[in-house]
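build me a structure from this.
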Amino acid sequence: MNFTSKNEPFEHLRKVWTSKHRNLQDKIWDKHKESLSWIGRTISPRSLALGSLGGLLLLTAPQSGSFNTQIASTQGVLEGVDTNVLLADQLKDIVPKEVRPLDKTEEGDITKTLSQVFGFKVTSELEGIKLNRNYGLIGGEQHLYRYPGDNLQAHADSSGDWAKYGGSGIAPGLGAWGYFAPSKLEFTEKDKQKERYYLAIQTFLAPGFVENVGKYRDFFKHRKMLIVNPKTGQAVVAVIGDAGPAEFTGKHLGGSPEVMDVVGLAGGPRKGAVLYFFIDDPKDEIPLGPIKIKNFS
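Have a look, this model is predicted:
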């Protein structure tokens, strides 16, 4: 249903409220607060998002008729709005404040929530294999060589791409599974996306790795994962493209420059807490890259 009024005063107010809502979202992203004070009371990001949209609807609804009949669905109302702020609000009560390994109850609650809001199965265990943890500190990684003869400049599709990610450099060695393609001629768009959204995961610390090196090596190669910044809800689908970082670094996983950008951790120390789980996608139907929630309550 279209809530846009043909009446010019209402159209002006609609634009004002839309701008106000976007500004409030930006503040949530920038400050990474779980809640903020507004008009003398504390409200959550979810309440703030829905509240501001409610005001927008009141201003733009026709003056005659029942207001309730103007609302087709919450999904329709939030169309075009960055709803991942609502995910952050759902996670704040189930993700521990301390960055530590999750217990079984926490894993279950979090994977259930992520599976529901994204619309696909998110799990801590797949084919009987688990990581050593699913909540940890991610750090920024360099680009990886994608095929023999690759270079840093070739990774940028535009001047904007180069400005954002070129400064991260390129690792001197190959990832744990070598090149993403055997040659430039055989390099595909799918290979490109794998390097663009790759993770370095401490696969060597997974329970059972030492006893089953070959099996685990094959399982982890380019395994698809969901990464979520629990403070903001920013999320990305990525693949495991390297092993690391070393335990002495104090970090638990690494992300490509693009991954760090998507989850909002590309600036400053390029480090922060994230959730990371396997995605059960046997038919390879879920694309890599930034992802928005599809369902919310």
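
give me the pLDDT for K20.
pLDDT, K20: 51.

the one 3 residues further on too?
In the predicted model, N23 carries a pLDDT score of 60.

likewise for Q75?
48.

show the end-to-end separation of stretch 225-243, please.
In stretch 225-243, first residue to last residue: 14 Å (Cα to Cα, to the nearest Å).

pull the distance from it to the chain's centre.
5 Å (Cα atoms, centre = their mean, to the nearest Å).

what is the mean pLDDT for that stretch?
Average pLDDT, stretch 225-243: 97.

correct me, but K194 touches G241?
Yes - counting by Cβ atoms under 8 Å, K194 does reach G241; the two are 6.3 Å apart. C-beta: built from backbone N, CA, C; applies to glycine.

more neighbours, these two?
Between K194 and G241, counted using other Cβ atoms under 10 Å, the more crowded position is G241 (27 against 23).

quick one: the more buried one from D157, how far?
Relative to D157, G241 is positioned 19 Å away (Cβ to Cβ, to the nearest Å).

before we move on, back to that, hey, what's in contact with both of K194 and G241?
F180, H222 (Cβ atoms under 8 Å, 6 or more residues apart in numbering).

for the closest residue to T83 other than its chain neighbours, what are its contacts?
Residue nearest to T83 in three dimensions, not counting chain neighbours: I293, with 5.4 Å by Cβ to Cβ, 6 or more residues apart in numbering. For I293, the residues meeting the contact criterion (Cβ under 8 Å, 6+ apart) are T83, N84, L86, L87, V117, F118, G233, A235.

show me what contacts the second one?
Taking Cβ under 8 Å, 6+ apart as the criterion, N84 is in contact with T232, G233, Q234, A235, K292, I293.

right, and A171 touches D150 too?
No - when contacts are counted by Cβ under 8 Å, A171 is not listed as touching D150 (11.2 Å).

which of these two has more neighbours?
Set A171 next to D150 and count neighbours by other Cβ under 10 Å: D150 wins out with 19 against 14.

tell me the spacing between that one and L174.
D150 is 10 Å from L174, by Cβ to Cβ.

next one: G268
Counting by Cβ to Cβ, the gap from G268 to L174 is 29 Å.

so for those two, which residue has more residues nearby?
Each of G268 and L174 had its neighbours counted (other Cβ under 10 Å), and the higher figure belongs to L174 (14 against 7).

which one is that one nearest to, not counting chain neighbours?
In space, L174 is closest to Y145, 5.8 Å off (Cβ to Cβ, 6+ apart).

wait, that neighbour sits on I170?
Yes - the pair Y145 / I170 is scored as a contact, 6.7 Å apart, by Cβ under 8 Å.
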